[in-house]
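**Student:** Have a look at this prediction, sequence included:
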Amino acid sequence: MSSSSSARHAQFYSEFAAGMIPVALLGSAVYMGLRTWQQHLAHELFLEEAQAHVQQLEAEVTALREQMRTETGVQDAVESVGSKKSRWWLW
């Protein structure tokens, strides 16, 4: 009975394993494909967020440069008016 029982188990596992190999290969291929696609999409999202952040920082830099230019222009105007007054007092 043990020999026929062993033979039945061996036959079951040999048939089962042979049928499961293609399923395991297909499952692995699908998993790897989906994982690669997920990483690709995550990388694209990161690039889009980084680009948006860079644009925000560039806008801040532009605004600060404009503000500095405006303040420098106001200071130059004040200094030129102040220098004109000092010249007037010298006459």
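**Tutor:** Sure thing, it's come through. Everything numeric here is computed off the predicted structure, so don't read it as measured data. Numbering: from 1, shown residues only.

**Student:** pLDDT weak spots in the chain?
**Tutor:** Along the chain, the model assigns pLDDT under 70 to residues 1-3, 77-91.

**Student:** So the spatially most central residue of it, which state does it fall into?
**Tutor:** For the chain, Phe46 is the residue whose C-alpha lies nearest the centre (CA atoms, centre = their mean; 1.1 Å). For Phe46, the assignment made with DSSP: H, G, I helix; E, B strand; the rest coil gives helix.

**Student:** Now do the same contact list for it.
**Tutor:** By CB atoms under 8 Å, 6 or more residues apart in numbering, the contact list for Phe46 is empty. C-betas here are computed from N, CA, C, even on glycine.

**Student:** Report the separation between it and Tyr31.
**Tutor:** 22 Å (CB to CB, to the nearest Å).

**Student:** Repeat that for Phe16.
**Tutor:** 21 Å.

**Student:** Point me to the helix or strand that includes Ala42.
**Tutor:** helix 2-90 (DSSP states H and E).

**Student:** Check the offset of stretch 21-35 from the chain's centre.
**Tutor:** Here stretch 21-35 is found 27 Å from its chain centre; the criterion is CA atoms, centre = their mean, to the nearest Å.

**Student:** Kind regards, and thank you for your time.
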